[in-house]
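Undergrad: Generate a structure from the sequence data that follows.
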Amino acid sequence: MTTDIQQISDTMAAHGYRWQPPPSLVPARPGLFAHHAAPSWIDPLLVPLTRARGGVQTVRWSIAARHWHAVPAARPPSAQRVLSALWAGPRPLHVPVGDVARALASAGVDSSDLAFVVSSSSSEGDSLRRALGRLGVDARRIGSGEETVATVRRAVLAGGPHLSIEFPVGPPCSITCGPGCRCGRYRVLAHLRFNPASQTRSLMEIAVLESELLGAVHGTREPYGVHRFATLVKSVRDALPAKGTQAARAQRVRLIADRLFTATLLIGSGFEPGPRGAAYVVRRLLRNVGTELALAGGSLTCLDGLVQVADRSVRTTLGFAPLTDALLAVVRDERERFAHVLARAPILLRSTVTRRQGPTERAHALLRLRNEQGVPLGIAVAWCRENDFALSLRRVALLQETSQRGEGAWGLPGPLTDTRPRPDSDTHSTTPHAISAAGL
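TA: So this is what the prediction gives:
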């Protein structure tokens, strides 16, 4: 059976959640795509429930544009579909929990292995545990835990209980590993949030993440180890020279596949690479791929073909029309512009770095060179090491983090949502984890 988030939607419809067409991918603010952890994510669903009771649902794309560092093994893709549902009006807690559990089972998840993690105040948590007891859930499958980054509270649900429905994949980390353990074994398939019982209007939110669902059904913690991405991953692997450790190479393949699919999705939705806003997001994605290819010793000309593979093997299978020749030409033009940046990089680096005396001063210079001339940080750091220039990687990482937060220190640009015109630039993350992942 082919697993798909649409199967979850069909089952939820049978339980009374009526379909609401998803909002457009067009950012609500310049450069800022919608993400399921954003407080405003459920706003489109609140409108039809303003003066009504019952349930409403939609399936929409969640784009994680703020955290494009190297992708750890258990990290979900930058772009994934999320089923979101709201129910307005009084309803026993065990009813929506049972609805979601049955919906997950309809998509191929073994419901007998589902785990339930309660995160709330003691009084609200007790009511959720009693609801799970009514469903016959064994106490050993119930745990407690803090809300994660992905479970940010909505304003209309603040202070209410939260329940995550999880599924174990792989061996436990220890004899104490169980529901609520954050070792990476438990895939968080769904979140349920309830507003406090003290509020006069009852409201409940459900979110089901497709990347986690696919991992649970395929029995893998690797977000790109599922059948949907098999052709793309193989093509990326074939495009990279066989060098470096197996772990480093696998992480690079994972990162390139992630950026390729997200860029292809956005390009096909009408966002072409450019110097500001949403267009700059696409430019960053494509140039992240180009940077990784260059660092691995691969050919930048592979980029065009890899975009086509991402389009034909993944994007079109999700119901989209293939990229047009005009859009593929846009990708080719962007690749040629980036090739020009890489060709100039050694000259720019030598003239800039040799004038700086200390590793911290060189770190400042590399970030300015990235911002003003578009030389990727990954390329710049690798060049410094190859030419025996001492460099503070920690300082580069800290400065990059400051820039990402938009603090504007040392004249650096703000975060990804900055709408000022930029040169043909790329931002290759240099947090300590990303530096290690790039083999620098």
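Undergrad: and Gly89, what is it in contact with?
TA: Gly89 is in contact with Arg53, Gly54, Ser202, counting by CB atoms under 8 Å, 6 or more residues apart in numbering. Every C-beta, even on glycine, is put in place using the N, C-alpha and C of the backbone.
Undergrad: List the beta-bridge partners for the residue lying closest to Leu265 once chain neighbours are set aside.
TA: When the adjacent residues along the chain are set aside, Leu265 lies closest to Ala79, with 5.3 Å between them (CB to CB, 6 or more residues apart in numbering). On DSSP bridges, the residues paired with Ala79 through beta bridges are Ile63.
Undergrad: Buried only: go through the contacts of Gly89 for me.
TA: When burial is judged by neighbour count using 16 or more other CB atoms under 10 Å, the buried members of the contacts of Gly89 are Ser202.
Undergrad: just curious, which of the contacts of Gly89 is nearest to Val253?
TA: Nearest to Val253 among the contacts of Gly89, counting by CB to CB, is Gly54 at 45.1 Å.
Undergrad: What distance do you get for that closest one to Arg18?
TA: 7 Å (CB to CB, to the nearest Å).
Undergrad: Can you give me the buried ones in the strand or helix carrying His191?
TA: His191 belongs to strand 186-194 when elements are defined using DSSP states H and E. Along strand 186-194, these residues count as buried under the neighbour rule (16+ other CB under 10 Å): Tyr186, Arg187, Val188, Leu189, Ala190, His191, Leu192, Arg193, Phe194.
Undergrad: Can you list the strands that that strand pairs with?
TA: For strand 186-194, the paired strands and their directions (DSSP bridges) are strand 162-168 (antiparallel), strand 203-209 (antiparallel).
Undergrad: For Val118, state which of the contacts of Gly89 is nearest.
TA: The closest of these to Val118 turns out to be Ser202 (CB to CB; 18.6 Å).
Undergrad: For the closest one, list the residues it contacts.
TA: Applying CB under 8 Å, 6+ apart, the residues contacting Ser202 are Ala88, Gly89, Pro90, Arg91, Phe194, Asn195.
Undergrad: okay, the residues you listed in TSV with pLDDT and distance to Gln7 next?
TA: Rendered in TSV, the data for the contacts of Ser202 read as follows (pLDDT from 0 to 100; distance: CB to CB, whole Å):
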residue	pLDDT	distance to Gln7
Ala88	92	25
Gly89	90	26
Pro90	88	28
Arg91	90	23
Phe194	89	25
Asn195	85	28
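Undergrad: Tabulate those residues (a markdown table), appending distance to Val26.
TA: A markdown table is the format used below for the contacts of Ser202 (distance: CB to CB, whole Å):
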| residue | distance to Val26 |
| --- | --- |
| Ala88 | 27 |
| Gly89 | 32 |
| Pro90 | 36 |
| Arg91 | 33 |
| Phe194 | 31 |
| Asn195 | 29 |
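Undergrad: Closest one of the residues you listed to Leu295?
TA: After measuring the contacts of Ser202 against Leu295 - CB to CB - the closest member comes out as Phe194, at 46.7 Å.
Undergrad: which residue packs closest to that closest one, ignoring adjacent ones?
TA: Gly160 (4.6 Å).
Undergrad: shouldn't Asp304 be in contact with Val331?
TA: Yes: the pair Asp304 and Val331 passes the contact test of CB atoms under 8 Å, sitting 5.8 Å apart.
Undergrad: Show me which of those two is the more surrounded one.
TA: Looking at Asp304 and Val331 with other CB atoms under 10 Å, you find the greater number of neighbours at Val331, namely 24 against 15.
Undergrad: now the more buried one, what's its secondary structure?
TA: Classification of Val331 using DSSP: H, G, I helix; E, B strand; the rest coil returns helix.
Undergrad: what's the pLDDT at it?
TA: Note for Val331: predicted pLDDT of 97.
Undergrad: wait, what's in contact with it?
TA: Val331 makes contacts with Ile267, Pro273, Leu286, Leu303, Asp304, Val307, as judged by CB under 8 Å, 6+ apart.
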